[in-house]
Structure formats: structure tokens, C-alpha cells
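A.B. asks: mind folding the following:
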Amino acid sequence: MQRPLYFTNKGELIAGTLHLPARLSRCPAVAVLHGFTGTRCEPNFIFVRLSRRLAEEGIASLRFDFRGSGESDGEFEDMTPLEEVSDARAALRQLGAMKRVDVRRLGLVGLSMGGLVAALTAAKEPSVRSVALWSAVARPRRVFEAMTTKRQRSALLKTGRLDVGGLCVGRAFLEATRRLDPPSALAKSRASALIIHGTGDETVPYSDSTVFLRSARARDGIRTERFAVKGADHVYSSVPWRDAVVEATVGWFKETL
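C.D. replies: Down below sits the predicted model:
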């Protein structure tokens with residue numbers, strides 16, 4: 001079953017889509033976190049496919065647009081990774097309050113910056129039992145600097161805003177990229193971690209997955225694996241890549257939630 005779900009965080013409306021398994025027993029649930037400038041569908045509708053496959057396997061999920069993105073309230077310019085962590089925690093609260101959901105079996109999956117947010121959120125939420133990081137940003141400062149010129153970053157500091165493909169990024173976003181350390185955050189979590197990355201990713205380099213893997217494996221007794229998608233780009237833009245990522249993630253949550 002699939003239906004719209006709206007909830008609020010900090011007084012602003014968040015638009016989401018809830019997927020529930022057909023059987024009525026209590027089930028695990030996953031919050032699905034999109035990437036920078038993305039939405040709750042993501043390219044090639046990979047999040048839609050993921051949520052439908054999870055429901056077929058008895059796992060609920062909530063896809064939603066972060067505040068300032070998609071159909072949710074707010075301005076993109078006010079978005080920062082920590083504001084998105086706040087939204088992710090609000091989504092987990094929504095899932096945990098549902099009678100159909102087993103609050104002891106919650107997970108997170110995030111793409112790109114959504115993966116960064118998933119790592120930060122897992123460190124703050126002991127209820128998160130398992131995470132899947134897709135093309136996740138381990139070194140946000142390096143990635144943001146690769147996307148922009150020095151002149152653009154200087155202008156951002158002076159004017160407080162930067163045009164990125166028709167969307168404005170605020171100064172607080174730049175400041176956050178300079179101080180956040182997602183792999184160290186993941187290392188503080190007790191959640192099992194699946195790290196998925198395309199070897200041909202030119203947006204967030206494959207080496208970022210190695211940084212996550214090293215930090216996560218420093219934890220004793222917590223299952224951590226990497227799934228490399230040979231040749232895949234940042235958003236898995238072919239049917240075989242997309243399906244490989246979805247099926248690996250569904251299998252992971254079936255085993256760890």
C-alpha cells in the first residue's frame with residue numbers, strides 16, 4: 001500500500017510517501033533520504049522502486065522531501081545538512097509512532113548528501129538499527145569545492161548566497177561543509193552499515209566509500225559491508241545498476257532489521 005503522508009518539523013510541512021506491506025503484522029521500517037537538489041523520487045525513480053520492493057518483502061518505508069526541496073515547505077537557501085538531520089529524525093519519529101511499525105527495527109537509506117545525513121542521524125538516534133549509504137559524501141568540503149570555483153565561494157561568503165543550477169545555497173551550508181565529519185559520526189553509531197558506491201562516480205569519488213568503510217569497521221562486532229557497483233555513476237543511471245543497488249539494499253535490510 002502506498003499513500004501520501006504529511007508531517008511537520010519546526011512548524012513547516014514535510015511532504016512524504018508512505019509504503020506499507022500488504023500483510024498486517026508489525027514490520028520494520030526505513031526512512032529514505034534524498035540527495036542535494038533531489039526529491040523523494042530521485043533519478044530514474046530509484047527511490048520509488050526501492051520502497052515498493054521493500055514493501056513486497058515486508059518492510060515499510062517513508063520517502064519524503066527535505067524542507068526546502070520538492071513539495072515540502074521552506075526555502076532551499078535555508079537548507080543545511082544539520083537541518084536535514086532534524087527532518088530525518090522527525091521522519092523516524094513518525095515511523096516509530098505507527099502501530100504497524102516495530103520501533104525496535106528502524107533503518108535509514110540515503111543517497112549522496114542523503115547518505116551523509118543518514119550517517120549523522122544514525123549517530124544521534126540509537127533507535128536506528130541499520131543504514132544503507134548510497135554514493136554517500138564522506139568529505140563534504142572536498143565535494144563542495146569540486147562543484148564550485150574559489151570566486152563563487154568568496155562571493156557566497158560576501159553575499160550570503162550562491163546560485164547552483166537555479167537554486168540558492170546559503171552561507172550556513174558552506175560553513176557546515178567545513179566542519180562536518182560523517183565517517184566519524186557513523187563510527188559512533190551502533191547501526192549495521194552497508195556502503196554502496198559506483199566505481200565510476202565522478203561526483204562523489206569511490207574513495208569516499210573507503211573512508212566510510214574504514215571508520216565503520218573500527219567498531220567492534222558491528223556488521224559493516226561495502227557493495228561496489230562496477231562502472232556505475234553517481235545515481236546508478238542504468239537499469240542493471242539501479243536494480244543491483246535496490247536488490248542489495250532490500251536484501252541488507254531483510255537481514256539486519
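
A.B. asks: quick one, strands of the chain?
C.D. replies: In the chain, the strands defined using DSSP state E lie at 2-9, 12-19, 27-33, 60-64, 101-111, 128-134, 161-164, 167-170, 192-198, 224-229.

A.B. asks: among those strands, which comes closest to Ala91?
C.D. replies: strand 27-33 (4.3 Å; CB to CB). All C-beta atoms are positioned from the backbone trio N, CA, C, and that covers glycine.

A.B. asks: run through who's touching the closest one.
C.D. replies: Contact partners of strand 27-33, identified using CB atoms under 8 Å, 6 or more residues apart in numbering, comprise 20-21, 40, 47, 50-51, 54, 58-64, 66, 84, 88, 91-92, 95, 98, 100-102, 105-111, 114-115, 117-118, 121, 129, 253, 257.

A.B. asks: distance from the helix-or-strand element of the chain with minimal mean pLDDT to the middle of the chain?
C.D. replies: Each helix and strand of the chain was given a mean pLDDT (mean pLDDT, DSSP states H and E); the minimum falls on helix 150-159 at a mean of 80. From the chain centre to the centre of helix 150-159 is a distance of 27 Å (CA atoms, centre = their mean, to the nearest Å).

A.B. asks: show me which residues of that helix are buried.
C.D. replies: Arg153, Leu156 (16 or more other CB atoms under 10 Å).

A.B. asks: for the biggest helix by length in the chain, what is the average pLDDT?
C.D. replies: Ranked by residue count, the top helix of the chain under DSSP state H comes out as helix 239-256. For helix 239-256, the mean pLDDT works out to 98.

A.B. asks: let me have the strands of the chain in TSV, extended by mean pLDDT.
C.D. replies: Formatted as TSV, these follow (pLDDT from 0 to 100):
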stretch	mean pLDDT
strand 2-9	97
strand 12-19	98
strand 27-33	98
strand 60-64	98
strand 101-111	97
strand 128-134	98
strand 161-164	82
strand 167-170	86
strand 192-198	98
strand 224-229	98
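
A.B. asks: figure out which of those is closest to Thr80.
C.D. replies: strand 167-170 (7.5 Å).

A.B. asks: partner strands of the closest one and their direction?
C.D. replies: strand 161-164 (antiparallel) (DSSP bridges).
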